[in-house]
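**Student:** Sharing a sequence plus its predicted fold:
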2 protein chains.
Amino acid sequence: MGPGPSDVSPRVLEAMARPTIGHLDPAFQTLMDEIKDLLRYAFKTENKLTFPVSAPGSAGMETCFVNLIEKGDKVIVCVNGVFGTRMVENVVRCGGEAVIIEDEWGTPVSVEKVKDALVKNPDAKILAFVAAETSTGVASDVKKLCELAREHDCLTIVDAVTSLGGSELDVDGWGIDAIYSGSQKCLSCPPGISPVSFNERAIAKIKNRETPVQSWFMDLNLVMGYWDGAGGRSYHHTAPVNAMYALHESLLILKEEGLENSWKRHRDMSAKLRAGFEEMGIKYLVDPAYALPQLNTIIIPDHITDEAAIRTKLLNDHNLEIGAGLGALAGKVWRVGLMGHSACEENVSKCLAAFKAVMN
Amino acid sequence: MGPGPSDVSPRVLEAMARPTIGHLDPAFQTLMDEIKDLLRYAFKTENKLTFPVSAPGSAGMETCFVNLIEKGDKVIVCVNGVFGTRMVENVVRCGGEAVIIEDEWGTPVSVEKVKDALVKNPDAKILAFVAAETSTGVASDVKKLCELAREHDCLTIVDAVTSLGGSELDVDGWGIDAIYSGSQKCLSCPPGISPVSFNERAIAKIKNRETPVQSWFMDLNLVMGYWDGAGGRSYHHTAPVNAMYALHESLLILKEEGLENSWKRHRDMSAKLRAGFEEMGIKYLVDPAYALPQLNTIIIPDHITDEAAIRTKLLNDHNLEIGAGLGALAGKVWRVGLMGHSACEENVSKCLAAFKAVMN
């Protein structure tokens, strides 16, 4: 019950252990097509260019930035946690100019500040922000931010690593241009894969680049040739075949439950967890109005002098992993995940009981 | 029996299906340390910076180039197959200047041409070449090429994707500065992971860069903080935990057999396969003096008009995957892998029997 990887269901683990076949085997290509369709369902998109990057979420992030930014492009980046900071790093390394909009960690991206930045920077090409900050447990108003970006003719890059499958996300309905996620959060798949999706506006920008993408591995002009069925697949890299079996199975499970049902389950479990923690006198960092159900950030009570010892006790005595605070919140908060397969009544009860035992 | 992924042993698949734990869990960190030690054994190196990149071999390749090249650096790249060409792509995208040394596909890198290029380009910083060309089945003289590079004060980047575990490789003994491999060839692990190793000369170059590495995901200055045990591990990206279980198991299997025994098994099986093919009148592309045992490239006989149909027949009727020719060799050769777990008597017999059946 940390901030990810979440617990993986036995069904997904079994799928992962199926015999490895060739990455160009027709049977694997059928699986690739199914994965793309299932990802479109999970992202709520018709985007043709929807596929899993063969590497962890950080590489999915970089895939978005490295393809959409050209040297000198101005990018407005919203920073309200660790992953916004990482976005800035990506912009700079792609040769872009980052205009940083900061909000306090534990609060959402300020729509007003973004509006202001868009007005003051009419030459900005991209607006980048995190939908669900894994370092704080905060949801931002993705729909509103995307509307603003479009009004100012900016493309959007959205970090949905912790969102996908766990809380509301509507790529087409909200007009998101480029999005990346991770396999190891609310999909409850082992870590290592990063689902991404790009709409036609984003693809047009990539196809009309004046300079080549600086990464060969992440160059979507090349990757598309492998993941895109049109005209036969060309070899790019060797896909992580077994990781794709697992992703496929985890997406099937999501579809069987139904996307909206999964979102509701995350909300329900989070409400139970919050009630239990509050009963114990433990306070939340994040206002319920914009708190993520899948990532519950609680404030470490004042009387705890060695927070790491508590986490070690939870792990060793109660078989329970929770997350430490990151960056500015290190030592101040704990992060309790309720992600995918892990978001169930049994875990909520076990977690509360374990906390009661170690906090006394 | 294609050019990889090779068949994965049930033991490795079972390891992969173990419950996912946190990437910062102390138990996982112990596993990481063991993996580093086992990789040092497989690479024959004492290099501290030896670890698996959390992405496929192409990303391992890019990790080497992106960290070692700075804008304007001259890099001598030897091209005798597909993967040499990909190295050139990497050099250019890193802002380097590629001096290309070409050799005919199916022959090794010419030591004389390299010597000549090193003399003519005293400002070259790096020599890059493929130890075992997966597209042709050719082994080059790594030791000699590394000696030459060092005489001319060049660092070496060596592609050992197909070498590791399958044929002689001695990172320290041969003085290789930076090397990358893949999990899915002679280690018989599912694809998706790229073992790499860097010596002190390479690390010095990385630490003394004047400009940041253009990739955040692949920046070794950051990755080292996660994989290096010194002073506690810092979070960089979420490691593909289950893929690491599999890699660990595959390396244990290699160590149990013994590295030299594994090389010998590959040689023995390849000799049997060659004898069988030659008995059928099938010719090899590559001279036995520099043919790789783990990748056997045979010339498609003249009377075969539809080579793809033969491969489909092998796959559908005989459950046997072999590789097509790549690039300049497409339609001219087939590639038969004898890699890791797949390099056994049973497979050699089955393969020869299947070819006899479909070629008649």
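**Tutor:** Nice, thanks for sending it over. Numbers count the residues shown, from 1 in each chain, chains lettered A, B, ... in the order given.

**Student:** what about the stretch 201-350 of chain A, any weak spots by pLDDT?
**Tutor:** A:229-233 (pLDDT under 70).

**Student:** Mind jotting down where the helices sit in it?
**Tutor:** A:220-227, A:241-257, A:259-279, A:307-318, A:345-359 (DSSP state H, counting those that start in this stretch).

**Student:** before we move on, what about the stretch 1-150 of chain A?
**Tutor:** With DSSP H, counting those that start in this stretch as the criterion, the stretch 1-150 of chain A has helices spanning A:10-16, A:26-43, A:57-68, A:82-93, A:111-120, A:142-151.

**Student:** So which other helices or strands are in contact with the second one?
**Tutor:** Spelled out, it's helix A:26-43. strand A:49-53, strand A:194-198, helix A:241-257 (3 or more C-beta pairs under 8 Å, 6 or more residues apart in numbering or on different chains; DSSP states H and E). From N, CA and C alone the C-beta is placed, and that goes for glycine too.

**Student:** and if you look at the first one?
**Tutor:** With contacts taken as 3+ C-beta pairs under 8 Å, 6+ apart, helix A:10-16 sits against helix A:241-257.

**Student:** The helix it packs on: how far from the chain's middle?
**Tutor:** 17 Å (C-alpha atoms, centre = their mean, to the nearest Å).

**Student:** Now do the closest residue to A:Pro108 other than its chain neighbours against chain B, distance only.
**Tutor:** Among residues not flanking A:Pro108 along the chain, A:Ser140 sits closest, at 4.2 Å (C-beta to C-beta, 6 or more residues apart in numbering or on different chains). To chain B, A:Ser140 is 22 Å away according to C-beta to the nearest C-beta, to the nearest Å.

**Student:** near chain B, which residues of the stretch 151-300 of chain A show up?
**Tutor:** By C-beta under 8 Å from any C-beta of the partner chain, the residues of the stretch 151-300 of chain A that approach chain B are A:182, A:184, A:190-193, A:212-217, A:235-243, A:246.

**Student:** Just the buried ones among those, please.
**Tutor:** Buried members of those, scored by 16 or more other C-beta atoms under 10 Å in any protein chain shown, are A:182, A:184, A:190-193, A:213-217, A:236-243, A:246.

**Student:** Do stretch A:88-105 and chain B come into contact?
**Tutor:** Yes - shown here: stretch A:88-105 in contact with chain B (C-beta under 8 Å from any C-beta) through A:89-90, A:92-94.

**Student:** Which residues are in contact with A:His152?
**Tutor:** By C-beta atoms under 8 Å, 6 or more residues apart in numbering or on different chains, the contact list for A:His152 reads A:118-119, A:122, A:124, A:127.

**Student:** Roughly how far does it sit from A:Lys205?
**Tutor:** 15 Å (C-beta to C-beta, to the nearest Å).

**Student:** Whichever residue of the stretch 251-360 of chain A sits closest to chain B - how many residues pack around it?
**Tutor:** Using C-beta to the nearest C-beta, A:Glu321 is the residue of the stretch 251-360 of chain A that sits closest to chain B, at 5.0 Å. Using other C-beta atoms under 10 Å in any protein chain shown, A:Glu321 is surrounded by 19 other residues.

**Student:** you'd agree it is up against B:Asp25?
**Tutor:** Yes - A:Glu321 lies in contact with B:Asp25 (C-beta atoms under 8 Å); the separation is 6.6 Å.

**Student:** okay, and the common contacts of these two?
**Tutor:** A:Leu315.

**Student:** Chain A - how does it break down into domains?
**Tutor:** In terms of domains, chain A is parsed into A:10-255, A:258-359 (source: automatic domain parsing).

**Student:** so can I have CSV of those showing distance to B:Leu315?
**Tutor:** Formatted as CSV, these follow (distance: least, C-beta to C-beta, whole Å):
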stretch, distance to B:Leu315
domain A:10-255, 7
domain A:258-359, 35
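
**Student:** just these: most buried one?
**Tutor:** domain A:10-255 (a mean of 22; mean count of other C-beta atoms under 10 Å in any protein chain shown).

**Student:** End to end on that one, go ahead and measure it.
**Tutor:** 17 Å (C-alpha to C-alpha, to the nearest Å).

**Student:** ditto for stretch A:196-203
**Tutor:** Note: stretch A:196-203 ends 13 Å apart using C-alpha to C-alpha.

**Student:** Report pLDDT for the nearest residue to A:Asn347 once chain neighbours are set aside.
**Tutor:** In space, and not counting its chain neighbours, A:Asn347 is closest to A:Met1: 6.2 Å by C-beta to C-beta, 6+ apart. A:Met1 carries a pLDDT value of 96.

**Student:** you'd agree A:Met1 is up against A:Ser342?
**Tutor:** Yes - between A:Met1 and A:Ser342 a contact is recorded at 5.8 Å, counting by C-beta under 8 Å.

**Student:** can you list residues touching both of these two?
**Tutor:** A:Asp7.

**Student:** And A:Phe83, how close does it get to A:Ile126?
**Tutor:** For A:Phe83 relative to A:Ile126 (C-beta to C-beta), the value is 16 Å.
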